[in-house]
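Colleague: Give me the fold of what follows.
(chains A and B)
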Amino acid sequence: MARIIGGIGSSHVPTIGVAYDKGKQNDPAWAPLFDGYKPVAAWLAEKQADVLVFFYNDHCTTFFFDMYPTFALGVGERFPIADEGAGLRNLPAIRGNVDFQAHIAESLVNDEFDITVFQDKPIDHGCASPLPLLWPHQPDWPGTVVPVAINVLQYPLPTARRCYRLGQAVRRAVESYPEDLKVVVVGTGGLSHQVHGERTGFNNTEWDMEFLRLLEEDPEALMRMKHADYVRLGGAESVEQIMWLSMRGALGTGPLRKLHQNYYLATTTAMTVVLYEEGEPIARQTGPAAAAVA
Amino acid sequence: MNPQLEGIEQIPGTYAFDLRVSNRTLKINRFFWNMIGADWRDRFVADEEGTMDAAGLTEEEKALVRARDWLGLIRHGVNFFVLEKFGRVVKKTNLEIYAIMRGESFEAFMKTRRVPDAR
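Modeller: Sure thing, here's the model as predicted:
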């Protein structure tokens, strides 16, 4: 049986991809970001995760507003990484496991989660920005991705609660797949930022920390929030953090153990990566694991 | 009114992109979205007016594009995520566009950031 072995929350800022491609891993302005991903990449390598289920959003690249899906799942052996106006990146096409992706689509639809399916389409920075910080890509990616795109651009967006329920349905789908696959769920986006209008550059670190606490301890509180609440507290584009709730929903209703957290607000987005396993939290004040969380 | 957006009009400098806006601005958003294609980018660079005509932009929209009026385009209802594709074509970084939308020089904007040297 396939099973979920952990969850990752990660920003998907396009500039991460640009800095990665330019080799800025040791640049003083960027090292705190790249270094923050290393423990997560090491964990993925150690656990030998087979699949990453990516809850991400398309930035009006693969889909245009003339046909913009609320939820869409990708099926295919390969997904090229999208040209978003600056040309192609030097990364291998993202790998997929068609049978597993098809099973998830079947399970979701039979579970009354009527998801759109896309095939033979490129995938943009919503997934491709953090992916090479999580997995090596030379000569090729070590595992496959299940891309799940969520509309966080064109209102009406799915509610925060609906995103959580999508995660719950994905968990049921994973656990009903007969093959032994180790699956990690990834929720992308945020944290606080706004990149349009006069309010561009808005951040709220206090809210970011509260969001992370609630995600772990009280996701129900986040599910009750309206989109306008997210916009007010974290900036307009931070509403995409509802995608972290899909990751949270896929991790079950029990407690979470946070293994790592990195928060780096350099310019306009609070770039964050957090790693969770299911289980009792680590004691907060002592020990090396607590230090890693700090 | 979408109840999920209740109160959003009280948040300054923020323009919710909903279906009413999207329907009104579909052509100009498609014009910018097309910048993901190298052919369209080349065509735009070679003939800016011709591509705007082909995309069916209004005179008001053409003026906003000619002026590179980033904030004006947002206020008109262009979605930032297609606008940033246009940024790549006309060689403006997102940070530069952010400064302009705030009405600040790039240098002044970067001084407000926690890591002013980050690029």
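Colleague: make it CA atoms for all contacts and neighbour counts henceforth
Modeller: Fine.
Colleague: quick one: the helices in chain A?
Modeller: A:14-21, A:31-47, A:98-110, A:125-128, A:131-134, A:160-175, A:205-217, A:219-224, A:227-234, A:242-250, A:287-293 (DSSP state H).
Colleague: for chain B, same thing?
Modeller: B:19-24, B:26-33, B:38-46, B:48-55, B:59-66, B:70-76, B:80-89, B:94-102, B:106-111.
Colleague: Now do the third one: distance to the chain's middle.
Modeller: In terms of Cα atoms, centre = their mean, to the nearest Å, the centre of helix B:38-46 is set 18 Å apart from its chain centre.
Colleague: so of the helices of chain A, which one's packed in deepest?
Modeller: Using mean count of other Cα atoms under 10 Å in any protein chain shown, the stretch among these with the largest mean neighbour count is helix A:242-250, at a mean of 29.
Colleague: Give me the contact list for that one.
Modeller: Under the contact criterion Cα atoms under 8 Å, 6 or more residues apart in numbering or on different chains, helix A:242-250 has outside partners A:4, A:7-9, A:55-56, A:150, A:159-161, A:163-171, A:185-189, A:215-216, A:219, A:223.
Colleague: Verify the stated contact: B:Ser105 with B:Tyr98.
Modeller: No - contact criterion Cα atoms under 8 Å: B:Ser105 and B:Tyr98 do not qualify, at 9.8 Å.
Colleague: ok, the two, which is more surrounded?
Modeller: Per other Cα atoms under 10 Å in any protein chain shown, whichever of B:Ser105 and B:Tyr98 has more neighbours is B:Tyr98, with 26 against 13.
Colleague: thinking that one is in contact with A:Thr200, fair?
Modeller: Yes - here B:Tyr98 reaches A:Thr200: they are 6.2 Å apart, a contact under Cα under 8 Å.
Colleague: what does the stretch 51-200 of chain A have sitting close to chain B?
Modeller: A:59-61, A:64-66, A:83-87, A:153-156, A:159, A:195-200 (Cα under 8 Å from any Cα of the partner chain).
Colleague: can you list the weak-confidence ranges in chain B?
Modeller: Low-confidence regions of chain B, defined here as pLDDT under 70, do not occur.
Colleague: Also chain A?
Modeller: Ranges of chain A meeting pLDDT under 70: A:284-294.
Colleague: can you do 80?
Modeller: Low-confidence segments of chain A, defined by pLDDT under 80: A:283-294.
Colleague: Now do the contacts for the spatially most central residue of chain B.
Modeller: Central residue of chain B (Cα atoms, centre = their mean): B:Leu83, 3.4 Å from the mean position. Residues in contact with B:Leu83, defined by Cα under 8 Å, 6+ apart, are B:29, B:32-33.
Colleague: just checking, A:Thr62 touches A:Gly126?
Modeller: No - contact criterion Cα under 8 Å: A:Thr62 and A:Gly126 do not qualify, at 11.0 Å.
Colleague: A:Val174 and A:Val51 touch, don't they?
Modeller: No - look at A:Val174 against A:Val51 with Cα under 8 Å: they stay out of range, at 10.5 Å.
Colleague: hey, what's in contact with both of the two?
Modeller: What both A:Val174 and A:Val51 touch, as defined by Cα under 8 Å, 6+ apart, is the set A:Val183.
Colleague: ok, the closest residue to A:Trp135 other than its chain neighbours - contacts?
Modeller: Residue nearest to A:Trp135 in three dimensions, not counting chain neighbours: A:Ala41, with 6.1 Å by Cα to Cα, 6 or more residues apart in numbering or on different chains. A:Ala41 sits next to A:133-135 when contact means Cα under 8 Å, 6+ apart.
Colleague: cool, A:Arg3 as well?
Modeller: A:174-175, A:180-183.
Colleague: ok, 10 Å please
Modeller: Contacts for A:Arg3 (Cα atoms under 10 Å, 6 or more residues apart in numbering or on different chains) come out as A:171-184.
Colleague: show me what contacts residue 33?
Modeller: Going with chain A. A:16, A:25-26, A:133, A:262-266, A:271-273.
Colleague: Chain B was what I was after
Modeller: Per Cα under 10 Å, 6+ apart, neighbours of B:Trp33: A:59-65, A:84-85, B:27, B:40, B:79, B:81-86.
Colleague: redo that, cut-off 7 Å
Modeller: B:82, B:85 (Cα atoms under 7 Å, 6 or more residues apart in numbering or on different chains).
Colleague: Would you check how far apart it and A:Phe63 are?
Modeller: 10 Å (Cα to Cα, to the nearest Å).
Colleague: Next: A:Leu44.
Modeller: Counting by Cα to Cα, the gap from A:Leu44 to A:Phe63 is 30 Å.
Colleague: At the contact with chain A, which residues of chain B appear?
Modeller: B:4-8, B:11-15, B:17-19, B:35-36, B:71, B:74, B:80-82, B:85, B:88-89, B:98, B:101-102, B:113-115, B:117-118 (Cα under 7 Å from any Cα of the partner chain).
Colleague: do that again at 6 Å, thanks
Modeller: B:4-5, B:8, B:13-14, B:17-18, B:35-36, B:81, B:85, B:88, B:101-102, B:113-115, B:118 (Cα under 6 Å from any Cα of the partner chain).
Colleague: excluding its backbone neighbours, what's nearest A:Ala72?
Modeller: A:Thr116 (4.4 Å).
Colleague: send the alpha carbons of stretch B:1-20 over as PDB?
Modeller: Extracted in PDB, the C-alpha atoms of stretch B:1-20 (Å, rounded to 0.1, in the frame of the first residue of the first chain):
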ATOM      1  CA  MET B   1     -20.600  39.900  -3.900                       C
ATOM      2  CA  ASN B   2     -18.500  36.900  -3.100                       C
ATOM      3  CA  PRO B   3     -18.800  36.400   0.700                       C
ATOM      4  CA  GLN B   4     -15.300  35.200   0.800                       C
ATOM      5  CA  LEU B   5     -14.200  38.700  -0.200                       C
ATOM      6  CA  GLU B   6     -16.300  40.600   2.300                       C
ATOM      7  CA  GLY B   7     -14.400  43.600   3.500                       C
ATOM      8  CA  ILE B   8     -11.600  43.400   0.800                       C
ATOM      9  CA  GLU B   9     -12.600  46.800  -0.500                       C
ATOM     10  CA  GLN B  10     -11.400  48.300   2.700                       C
ATOM     11  CA  ILE B  11      -7.900  47.000   2.200                       C
ATOM     12  CA  PRO B  12      -6.000  49.900   0.400                       C
ATOM     13  CA  GLY B  13      -3.900  49.400  -2.700                       C
ATOM     14  CA  THR B  14      -5.400  46.000  -3.400                       C
ATOM     15  CA  TYR B  15      -7.400  44.900  -6.500                       C
ATOM     16  CA  ALA B  16      -9.200  41.600  -6.200                       C
ATOM     17  CA  PHE B  17      -9.100  39.800  -9.600                       C
ATOM     18  CA  ASP B  18     -12.500  38.200  -9.900                       C
ATOM     19  CA  LEU B  19     -14.600  37.000 -12.800                       C
ATOM     20  CA  ARG B  20     -16.200  40.400 -13.500                       C
END
